[in-house]
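Novice: Need coordinates for the below:
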Amino acid sequence: MENATDALKMAFAVLVFTMALSISIYMFSQLNEVSKSMIASTDSTAYYQYIRTDQNSKNYRIVGLETIIPTLYKYYKENYTVLFLDRTGAPLKLYETQTNPDLWGGGLNQNGENSNKENIAKYYRNDVTEYNYRNYKNVCTFDVDEETIRHEPWTGTHEDFKKNLDAFLRGGDFFYPDGSGRKYNYGRGFIKDNETTKFREMLGEYTYNLFTDENDEENDARRENELLKNKKKRVIVYQVD
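Specialist: Residues are numbered from 1 along each chain as shown. All right, here's what the predicted structure looks like:
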């Protein structure tokens, strides 16, 4: 009788040990999955699985605001471009810049014009209508380099970048940090205007050149050398589906 009791105790102990081991393995497995998810969510290369080849390809995924919003809040920290297109593939106007194109930082081209206007206008060149001088004020991207060239008022600090995005997304005003009372008004905001809108998310890169602010002859040669150094930048595209 005692042997049978001992055998039952041993069997019960083995059963408890097996259950505990199974639970431990399951918990470690779950922790591993959570860890991978957290790493993926903070990985700046996570979007590379959605590489853009052309706007008519199938290399995209359909997303909504839940994806676009966190992407926008990282653009000024990770220095990538977020480009918006309408259903036809034409630039989607997000807002109109209030800065003066004649004062945008950059070198002058052979015609005496600010050459960085061409850099900022790169997304509009394939539009159905000819892109002219006054259209440079229409903005379809979030891009730290471009915004710095235009001397946008929020480019001073990360806090100002965030404040501007808050106003753009939720609606309302972004006031110039200089206390002048000037402001950007974003109306209802991007979120309310696109609550049910779905976008095609695509990823690619483009080559660009940034001019310096120096215009004196002494630096002409150096500026020419800089222009020959093509720079590549990641761009995340959101096209209205």
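Novice: And the strands in this structure?
Specialist: 61-63, 81-85, 95-96, 138-139, 141-142, 173-175, 183-185, 199-208, 231-240 (DSSP state E).
Novice: okay if I get these as CSV plus mean neighbour count and distance to Met10?
Specialist: For the C-beta atoms, the positions are set from N, CA and C on the backbone; glycine is no exception. Shown next, in CSV, are the strands of the chain (neighbours: other Cβ atoms under 10 Å; distance: least, Cβ to Cβ, whole Å):
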stretch, mean neighbour count, distance to Met10
strand 61-63, 13, 55
strand 81-85, 20, 64
strand 95-96, 14, 74
strand 138-139, 19, 75
strand 141-142, 20, 67
strand 173-175, 16, 72
strand 183-185, 14, 75
strand 199-208, 18, 58
strand 231-240, 18, 61
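Novice: Which of those comes out lowest on mean pLDDT?
Specialist: The minimum mean pLDDT among the strands of the chain belongs to strand 199-208 (a mean of 82).
Novice: helices or strands next to it in the packing?
Specialist: Applying 3 or more Cβ pairs under 8 Å, 6 or more residues apart in numbering; DSSP states H and E, we find strand 199-208 packed against strand 61-63, strand 231-240.
Novice: For those strands, could you give me CSV that also reports distance to Arg170?
Specialist: Shown next, in CSV, are the helices and strands packed on strand 199-208 (distance: least, Cβ to Cβ, whole Å):
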stretch, distance to Arg170
strand 61-63, 19
strand 231-240, 18
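Novice: mind checking which of those strands is nearest Ile120?
Specialist: Of all the helices and strands packed on strand 199-208, strand 231-240 sits nearest to Ile120, with 13.4 Å by Cβ to Cβ.
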